[in-house]
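Peer 1: the following block contains a protein sequence and its predicted model.
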Amino acid sequence: MKLTNLTLPNRAGRFDLVITGAMITSVLPHDPRVHGDGRDLEGRMIWPCPVDLHTHLDKGHVTPRQANPDGSFGGALDAVHADQARWTRADVVVRMKFGLECALVHGTRAIRTHLDSMGPLRNCTWPAFAELREAWSGRIALQAVCLVPAEFYEGPDGEDLARMVAEHGGLLGGFPLMGPEIDRQLRRLFDLAGRHGLDVDLHVDENLNPDAQVLDRVARTVRETGFAGQVVCGHCCSLAVQEEAVAFATLDRVAEAGIALVSLPMCNLYLQDRASGRTPRARGITLVHEARARGIPVAFGSDNTRDPFYAYGDLDGVELFREAVRIAHLDHPLDGWLDAVTAVPAALMGMPSPLEPGRPADFVILEGRSFSEVLSRPQARRQVVRHGRVLDLALPSYELLDPIVGDPA
Ligand SMILES: [Zn+2]
């Protein structure tokens, strides 16, 4: 297959792409004399398939079965806790699969999901994940992170959970909270991760309390312990409300420790600074420009989808990037920020960046010749190319979920 006269992100001019089987075999400046027999994209942009570094496939799509009563963080915790009484392996598989089908149609090629792993929950979330990782191999590459409170690792089951995560090839995660025990809890967590050969991906400072400085404690712990694995910290909202000197000192330590950040802008807008009857003032997203300026890898993720933590969302990497651009002022110039939903999360998931000769032909053909054109329309008629072929799939109908989550009416 030849695609001619197309636009690549962050590269001037038009290009011609030759695909042989499932691989890209050449990317050359557009020359109608050489590639005039290819399919003319008339200048349309192609993007590498997005990679979603932070999701919660196990919680997804429980709306309307268990809504958040007021959209608050506390409301989300209570609602998910109540919903978990209904979680079985079969229930989790149906909802996870629905999320994967949406993501595939939108063009996503890899997803890292957190999995609630407290007590008996792990006996349905992890087997469901393992089943789908196998079934979806070749379509969406999947990684999983266990999600528990940090103090869990100090208890008798901490070692068992780390061992189980290692057996699944997962990552160690959790949501450490600021408090007198934080350093001891983090040391235990990183000790377990080191002994079991696990990378770490944490929920950090998902609030607007300036005294929440878990990110700084994680950076110090990584330096002090010499932890050699990958460390990703998600959210880090409180950086946005700290004095700049404090926040920047933390970011300096994060850069020194080699920690990557993942921002979840849509979920942050939904949950942060919410109070009934009051207009939100704060956006809640972390300091992505200041982090990237320090050489910290910065990715954006979807986080939750149609569950009590976020009432919307469809695991659409194009929507995620469009929203991130607007929420975080990634534009003027856009200058490589597309990497935050493609190359950066791909590297963190151990996958090569595509759109080079010798790489898989996995990309999205968008409706527009520039970021301005692409980001101004919903991209409902984008074309997704996987393994060198245009996908011919439609988004799954919500009606498929009615038997397990109920009728929206
Ligand atoms: Zn999350």
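Peer 2: Received it, and whenever you're ready, just let me know what you need. All values reported here derive from a predicted model rather than from experimental measurement. Residues are numbered from 1 along each chain as shown.

Peer 1: what residues does Leu177 make contact with?
Peer 2: 149-150, 212, 214 (Cβ atoms under 8 Å, 6 or more residues apart in numbering). All C-beta atoms are positioned from the backbone trio N, CA, C, and that covers glycine.

Peer 1: hmm, 7 Å instead?
Peer 2: Residues in contact with Leu177, defined by Cβ atoms under 7 Å, 6 or more residues apart in numbering, are 150, 214.

Peer 1: cool, the one 5 residues further on as well?
Peer 2: Under the criterion of Cβ under 7 Å, 6+ apart, the neighbours of Ile182 are 176, 214, 217.

Peer 1: ok, the residues you listed vs Ala291, which is closest?
Peer 2: Checking those against Ala291 with Cβ to Cβ, the nearest one is Val214 at 15.7 Å.

Peer 1: so that closest one makes contact with Met178?
Peer 2: Yes - under the criterion of Cβ atoms under 7 Å, Val214 makes contact with Met178 at 5.6 Å.

Peer 1: neighbour-wise, which of those two wins?
Peer 2: Set side by side, Val214 and Met178 show more neighbours around Val214, with 27 against 17, by other Cβ atoms under 10 Å.

Peer 1: pLDDT score for that one?
Peer 2: Note for Val214: predicted pLDDT of 98.

Peer 1: CA atoms only: put stretch 315-329 into CSV for me.
Peer 2: Presented in CSV, the C-alpha positions along stretch 315-329 are these (Å, rounded to 0.1, in the frame of the first residue of the first chain):
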residue,chain,number,x,y,z
LEU,A,315,-10.7,6.0,25.7
ASP,A,316,-10.2,8.2,22.7
GLY,A,317,-6.6,9.4,22.5
VAL,A,318,-7.5,12.1,19.9
GLU,A,319,-10.1,13.5,22.3
LEU,A,320,-7.6,13.3,25.1
PHE,A,321,-5.0,15.3,23.2
ARG,A,322,-7.6,17.9,22.0
GLU,A,323,-8.7,18.4,25.6
ALA,A,324,-5.1,18.5,27.0
VAL,A,325,-4.2,21.1,24.4
ARG,A,326,-7.0,23.4,25.5
ILE,A,327,-6.8,22.7,29.3
ALA,A,328,-3.0,23.0,29.6
HIS,A,329,-2.3,25.5,26.9
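
Peer 1: chain center to that stretch, what's the gap?
Peer 2: Remark: stretch 315-329 is offset 12 Å from the chain centroid, using Cα atoms, centre = their mean, to the nearest Å.

Peer 1: which residues are contacting the helix or strand hosting His289?
Peer 2: Per DSSP states H and E: His289 is located in helix 288-293. Residues outside helix 288-293 that contact it (Cβ under 7 Å, 6+ apart): 248, 251, 261, 263, 298, 328.

Peer 1: hmm, try it at 6 Å
Peer 2: Helix 288-293 is contacted from outside by 251, 261, 263, 298, 328, using Cβ atoms under 6 Å, 6 or more residues apart in numbering.

Peer 1: return that helix as PDB; C-alpha atoms alone will do.
Peer 2: Taking C-alpha atoms only, helix 288-293 is exported to PDB below (Å, rounded to 0.1, in the frame of the first residue of the first chain):
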ATOM      1  CA  VAL A 288       3.300  19.900  32.700                       C
ATOM      2  CA  HIS A 289       5.200  22.700  31.000                       C
ATOM      3  CA  GLU A 290       7.600  23.100  33.900                       C
ATOM      4  CA  ALA A 291       8.100  19.300  34.100                       C
ATOM      5  CA  ARG A 292       8.800  18.900  30.500                       C
ATOM      6  CA  ALA A 293      11.200  21.900  30.600                       C
END
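
Peer 1: report the distance from that helix to the chain centre.
Peer 2: Mean-position distance between helix 288-293 and its chain equals 18 Å (Cα atoms, centre = their mean).

Peer 1: then stretch 344-362?
Peer 2: 16 Å.

Peer 1: return the set of buried residues in that stretch.
Peer 2: In terms of neighbour count (16 or more other Cβ atoms under 10 Å), stretch 344-362 has its buried residues at 344-349, 351, 354-355, 359-362.

Peer 1: state the pair within the residues you listed that is farthest apart.
Peer 2: Using Cβ to Cβ, the two most remote members of the buried residues of stretch 344-362 are Leu348 and Ala361, lying 22.3 Å apart.

Peer 1: what average pLDDT does the helix holding His289 get?
Peer 2: 98.

Peer 1: show me what counts as buried in that helix.
Peer 2: 288, 291-292.

Peer 1: for stretch 229-247, same thing?
Peer 2: 229-242, 247.

Peer 1: spatially, which two of the residues you listed are the most separated?
Peer 2: Gly229 and Val241 (29.8 Å).

Peer 1: chain center to stretch 144-160: distance?
Peer 2: 22 Å.

Peer 1: do stretch 278-286 as well
Peer 2: Going by Cα atoms, centre = their mean, where stretch 278-286 is centred and where its chain is centred differ by 21 Å.

Peer 1: just the buried positions in whichever strand or helix holds Glu319, please.
Peer 2: Secondary structure assigned from DSSP H and E places Glu319 in helix 317-328. Using 16+ other Cβ under 10 Å as the test for burial, helix 317-328 gives 317-325, 327-328.

Peer 1: show me what that helix is packed against.
Peer 2: Counting by 3 or more Cβ pairs under 6 Å, 6 or more residues apart in numbering; DSSP states H and E, the packing neighbours recorded for helix 317-328 are helix 265-271.

Peer 1: helices or strands next to the helix it packs on in the packing?
Peer 2: In terms of contacts (3+ Cβ pairs under 6 Å, 6+ apart), helix 265-271 is packed against helix 317-328.

Peer 1: pLDDT on the helix it packs on, on average?
Peer 2: pLDDT averaged over helix 317-328 gives 98.

Peer 1: same check, this time on stretch 393-409
Peer 2: Stretch 393-409 comes out at a mean pLDDT of 93.

Peer 1: how far does it sit from the chain's center?
Peer 2: That offset, for stretch 393-409, works out to 23 Å (Cα atoms, centre = their mean).

Peer 1: list of residues touching that stretch?
Peer 2: So stretch 393-409 is contacted by 61-62, 64-65, 91, 94, 98, 101-102, 105 (Cβ under 6 Å, 6+ apart).

Peer 1: partner strands of the helix or strand that the helix holding His289 is followed by, with direction?
Peer 2: Going down the chain from helix 288-293, the next helix or strand is strand 298-300, by DSSP H and E. Strand 298-300 sits in its sheet next to strand 260-263 (parallel), going by DSSP bridges.
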